[in-house]
Structure formats: structure tokens, C-alpha cells
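Trainee: I would like the atomic coordinates for the input below:
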Amino acid sequence: MTSLRTEGLTKAFGGVLAVDGATVEIRDGGINGLIGPNGSGKTTFFNLITGMIRPDSGRVSYRGRDITRHSPHRVAQAGIGRTFQLCRIFPRLSVLENMLVAVRRTRLRELLAGLHDRGEVERARHWLRRMGIDHLERAEARDLSYGQQKLLELAAVLMAEPELVLLDEPAGGVNPALIDRLVTLVRDLNAEGHTFLVVEHNMDMVMGMCDHVIVFDRGAPIAEGPPSIVRSDPRVLEAYLGV
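Mentor: Take a look at the predicted model:
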């Protein structure tokens with residue numbers, strides 16, 4: 001079953017086509033990779049899916065519902081969560097407070113006043129344990145390493161219980177040990193029912209973790225399939241590897 005589908009999605013900035021008529025299908029239950037050279041439109045594609053920007057034309061549907069012009073909040077409510085290339089956290093809030101704000105951002109005033117929902121606190125601690133950073137719950141987020149901040153951002157996304165998770169360069173700027181941990185986490189979460197779409201430049205990570213890979217070039221998909229097929233596709237070698 002297809003969970004996410006885009007049809008003819010297009011977005012231009014000035015005279016530059018960032019996404020050019022992209023039609024993509026993401027099926028339930030998979031770990032999908034989205035690769036392509038710099039400037040191929042991957043992050044813009046993510047932003048169009050999640051309501052961060054509006055398309056010039058085309059359609060985004062999730063589980064058969066049109067979400068093309070939904071706000072980011074409504075997209076999240078529909079069951080789609082995402083991380084960003086640069087972590088979006090509250091640096092001066094504690095790790096635990098970041099988790100609680102992620103659930104209901106309108107309750108920031110209550111949060112700072114020390115009014116916590118016990119169930120949400122326990123759920124936050126569950127996800128922090130899954131990430132291996134529960135011992136840091138009282139630390140300010142700005143004091144975490146960059147890799148730990150990425151784990152915090154992912155944990156905060158999971159607080160909303162998304163069915164589809166979009167990861168934007170999760171391995172960027174982190175050490176190999178943390179990359180291995182991220183791969184294990186994604187596989188475990190996928191086995192528990194989460195579908196993933198991952199933008200990533202680390203080819204070893206993508207080819208080793210994903211069961212389906214989509215290749216973008218100049219704002220549109222040019223190839224897709226299992227990693228073993230995609231890695232030898234002449235169009236991919238030309239566009240992505242420069243061969």
C-alpha cells in the first residue's frame with residue numbers, strides 16, 4: 001500500500017526549478033532512501049511534503065488524503081514527522097523540556113511554569129532511553145554534542161507518534177559510532193511499524209540501510225529500486241557519481 005504519493009510536484013525559486021514535476025510513491029513499511037547530487041531538489045522536496053513551502057503546481061497525498069496545502073502542524077497531525085539538516089531544538093531548554101514542547105508547542109508557558117503531564121513525561125523518558133541520552137534529561141540542549149542533539153531531535157519527532165518519518169541528512173556531521181547507532185535505531189523503529197524516507201549523502205549508509213532508493217537529479221526522480229540495482233544504473237552513475 002502506498003502511504004505517500006506526490007504527483008507532478010513543482011517549485012521554482014526565481015528562474016530556478018528546484019523541483020520539476022516530481023512524481024514519487026513511498027510504500028508503507030519500508031526504509032526508503034532519497035539521494036542525488038547537491039542542488040538536485042531533495043530538501044525542497046521534503047519541504048513541499050511537510051508544508052514548509054507551497055508548491056507552484058502538483059499534489060501531495062498521504063494515505064489517500066490531499067495534504068498539498070496543509071500547514072506543517074496539520075501535516076504532523078496526519079502522521080508525518082521530520083528532522084532537519086540543521087537540528088531544530090530549543091538550546092536553552094533542558095533535554096526533557098525539549099521533548100515535552102515537541103508534543104504541544106502551545107503549552108510552552110505551562111511547561112516553563114513547571115506544569116507537566118505525568119504520562120507525557122514518562123513517554124518522553126521512554127524515547128530518551130531508546131536514543132541512549134536519558135541520563136542527559138536535565139542538561140540544557142545547547143550543552144549536548146551535535147550527535148546527541150540529532151538524537152534529541154529524532155526523539156522529539158517520535159513523541160508525536162508519526163507513521164512516516166522523514167530524515168534529512170541524519171548522518172551529517174556525526175561520528176561513525178553514532179551513524180551505526182542511527183542505522184540500528186532506524187531498523188528497529190521500522191520493524192515496529194514506522195516507515196522512513198531518508199535524504200543522505202553517506203552512500204554506504206543509504207545502500208546498507210535502505211530497501212528502496214530513489215535518485216533525484218535536477219528536481220525530479222531519474223531512477224529508483226533496490227540498492228543493488230540503483231548503484232549500477234548508468235543514469236545514477238552519470239548524475240550522482242559523475243561517471
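Trainee: what helix or strand is the residue nearest to residue 200 when sequence neighbours are not counted located in?
Mentor: Excluding the flanking residues, the one nearest residue 200 by C-beta to C-beta, 6 or more residues apart in numbering is residue 206, at 5.1 Å. Just so you know, the C-beta spots here come from the backbone N, C-alpha and C atoms, and that holds for glycine as well. Following DSSP states H and E, one finds residue 206 within helix 203-209.
Trainee: same question, residue 182
Mentor: helix 176-191.
Trainee: and the pLDDT at residue 201?
Mentor: Residue 201 is assigned 87 on the pLDDT scale.
Trainee: so it sits against residue 170, correct?
Mentor: No. Residue 201 is beyond contact range of residue 170, at 10.7 Å (criterion: C-beta atoms under 8 Å).
Trainee: which of the two has more neighbours?
Mentor: residue 170 (26 against 15; other C-beta atoms under 10 Å).
Trainee: sec struct for the more buried one, please.
Mentor: coil (DSSP: H, G, I helix; E, B strand; the rest coil).
Trainee: state the distance from it to residue 209.
Mentor: 10 Å (C-beta to C-beta, to the nearest Å).
Trainee: where do the contact lists of these two overlap?
Mentor: 186, 198 (C-beta atoms under 8 Å, 6 or more residues apart in numbering).
Trainee: and the closest residue to residue 231 other than its chain neighbours, what does it touch?
Mentor: Nearest non-adjacent residue to residue 231, counting by C-beta to C-beta, 6+ apart: residue 207, 6.2 Å away. Residue 207 makes contact with 33, 213, 227, 231, according to C-beta under 8 Å, 6+ apart.
Trainee: and the gap between residue 207 and residue 236?
Mentor: 11 Å.
Trainee: related to what we said a few turns ago, and after the helix holding residue 206, which helix or strand comes next?
Mentor: Next along from helix 203-209, by DSSP H and E: strand 212-217.
Trainee: that following strand pairs with which strands, parallel or anti?
Mentor: strand 31-35 (parallel), strand 220-225 (antiparallel) (DSSP bridges).
Trainee: render the CA-only coordinates of the longest one in PDB, please.
Mentor: Listed next in PDB are the C-alpha coordinates belonging to strand 220-225 (Å, rounded to 0.1, in the frame of the first residue of the first chain):
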ATOM      1  CA  ALA A 220      13.000  15.100 -10.400                       C
ATOM      2  CA  PRO A 221      13.400  11.300  -9.900                       C
ATOM      3  CA  ILE A 222      15.600   9.600 -12.600                       C
ATOM      4  CA  ALA A 223      15.800   6.100 -11.100                       C
ATOM      5  CA  GLU A 224      14.600   4.000  -8.300                       C
ATOM      6  CA  GLY A 225      14.700   0.500  -7.000                       C
END
